[in-house]
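Engineer: the sequence and its predicted three-dimensional model are supplied below.
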Amino acid sequence: QVQPVESGGGLVQAGGSLRLSCAASGRTLSGYHAGWFRQRPGKEREFVAAITWNGGRTYYSDSAKGRFTISRDNAKNTVYLQMNTLKPDDTGVYHCAATRGLGSLAPDDFNSWGQGTQVTVSS
């Protein structure tokens, strides 16, 4: 089973950018669809973005469209989330997840999860 490992979180001012990375231990990520989810303080885990196994299709939440870009480099076994024009409301723990079958983009559709990386956006 693939085990995602996130990195790249941190503290940034509003309007700034961060790039999150998701590498994999165990099996390669290249055969899996991948997604980014976040859990903001006091809220449930929510979908942010997803990408198919070959990068052919991408999906975004309304809040991510136009500001975030998901991409992958299967040669490096890594999935990225480029986040621009960050807002304080983007603060939360960002999790990378993987799945063999991409369904409704709900958290339950993904069965391999990383521990998460903290993103804090100050105003």
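Structural biologist: All right, it came through fine. From a predicted model like this one, the values you see are computed outputs, not experimental measurements.
Engineer: does residue 13 touch residue 122 like I think?
Structural biologist: Yes - contact criterion CB atoms under 8 Å: residue 13 and residue 122 qualify, at 5.4 Å. In short, each C-beta sits where N, CA and C put it, glycine included.
Engineer: next, the distance between the ends of stretch 37-45.
Structural biologist: Start to finish, the residues bounding stretch 37-45 are 7 Å apart (CA to CA, to the nearest Å).
Engineer: then stretch 64-76?
Structural biologist: Terminal residues of stretch 64-76 are spaced 24 Å apart (CA to CA).
Engineer: stretch 99-107 too?
Structural biologist: Stretch 99-107: ends 10 Å apart by CA to CA.
Engineer: and that stretch, what's buried?
Structural biologist: Within stretch 99-107, the residues that count as buried by 16 or more other CB atoms under 10 Å are 99, 102, 105, 107.
Engineer: same thing with stretch 116-123?
Structural biologist: Buried-residue list, stretch 116-123, by 16+ other CB under 10 Å: 116-117, 119, 121.
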